[in-house]
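J.: 3D model of this:
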Amino acid sequence: MKQGLYTIAENKPLTEAVYRLRLAGDTSAITAPGQFVNIALPGLYLRRPISVCDVQEGLVTLAYKIAGRGTEQLTAMRPGTRLDVLSGLGNGFDVSLSGDEPLLLGGGIGSAPLYLLAKQLRAAGKTVRAVLGFNALNEDFCSGWFRALGCEVTVTIADGTGGAPRYVTDALPSGYSFYYACGPEPMLRAVFDRTAGPGQLSFEERMGCGFGACMGCTHQMRTGPKRICKDGPVFRKEEIAWPD
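T.: The predicted model follows:
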């Protein structure tokens, strides 16, 4: 984990509710896809955690959805604004587990951190399939990014627009070597229940500190209580326990 000042290089809407934020600064602490940053915003006590979408030397790309006061405030911030950011938080996806034909499963804004994962998998010569789910067609902010990497992409639309499959679990292919999933908990549980093979799942959670001190994001897993921010947000399938 590193704390530093980052400069907004871009903050633009991709859809009505999703924005792309690019921050210039030290990216050396970001070592794996699936990690997140925690941003301090003026006047707000708690930082806002946002998953890393992409990273290059000196530039980190985030995609965030307006979900409350903090993210609403963030949309108004202009290029050149300086932000206090904790980077390199959480553990990420393990690319070495992928096998030759990995499957990526994203739900809404949970699709964003899968982009860096897809980028690394494609660079390693893997055949990547992605199933990305959105509530409505106009909420799809990123399927084109995955196609541009050479991934085979299926988009599911919960409202059934255009006859597309409605849910990610309606479009699960066969024959994949390993799966990676990120999205809201109901989607993750449905994926968990309907997949037989090995995988890693990334959890979304409200966080207090973002680095494991406050214990506010603790979930009970098979091996005991785990902090989503510190022990996760990525967990292997066999670690996960669901509440009754």
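J.: ok, longest strand in the chain?
T.: In the chain, assigned by DSSP state E, the strand with the most residues is strand 2-13.
J.: right, and the helix or strand after that strand?
T.: Along the chain past strand 2-13, the next helix or strand (assigned with DSSP states H and E) turns out to be strand 18-24.
J.: what separates that next one from the chain centre, distance-wise?
T.: Here strand 18-24 is found 14 Å from its chain centre; the criterion is CA atoms, centre = their mean, to the nearest Å.
J.: likewise stretch 218-234?
T.: That offset, for stretch 218-234, works out to 17 Å (CA atoms, centre = their mean).
J.: ok, and for it, which residues are buried?
T.: 218-219, 221, 226-234 (16 or more other CB atoms under 10 Å). (C-beta placed from N, C-alpha, C; glycine too.)
J.: Give me the subset of the residues you listed lying in strands.
T.: Using DSSP E, the members of the buried residues of stretch 218-234 that fall within strands are 218-219, 221, 226-227, 234.
J.: ok, so of those, who is nearest Leu117?
T.: The closest of those to Leu117 turns out to be Val234 (CB to CB; 10.0 Å).
J.: pLDDT score for that closest one?
T.: Reading off the confidence values, Val234 has pLDDT 97.
J.: Please apply the same query to the one 4 residues further on.
T.: According to the per-residue confidence, Glu238 scores 95 in pLDDT.
J.: which SS state does it fall under?
T.: The local conformation at Glu238, judged by DSSP: H, G, I helix; E, B strand; the rest coil, is helix.
J.: From Asp140, how far off is the residue nearest to it when sequence neighbours are not counted?
T.: Leaving aside its sequence neighbours, Glu238 sits nearest to Arg222 (CB to CB, 6 or more residues apart in numbering; 7.3 Å). For Arg222, the distance to Asp140 (CB to CB, to the nearest Å) stands at 35 Å.
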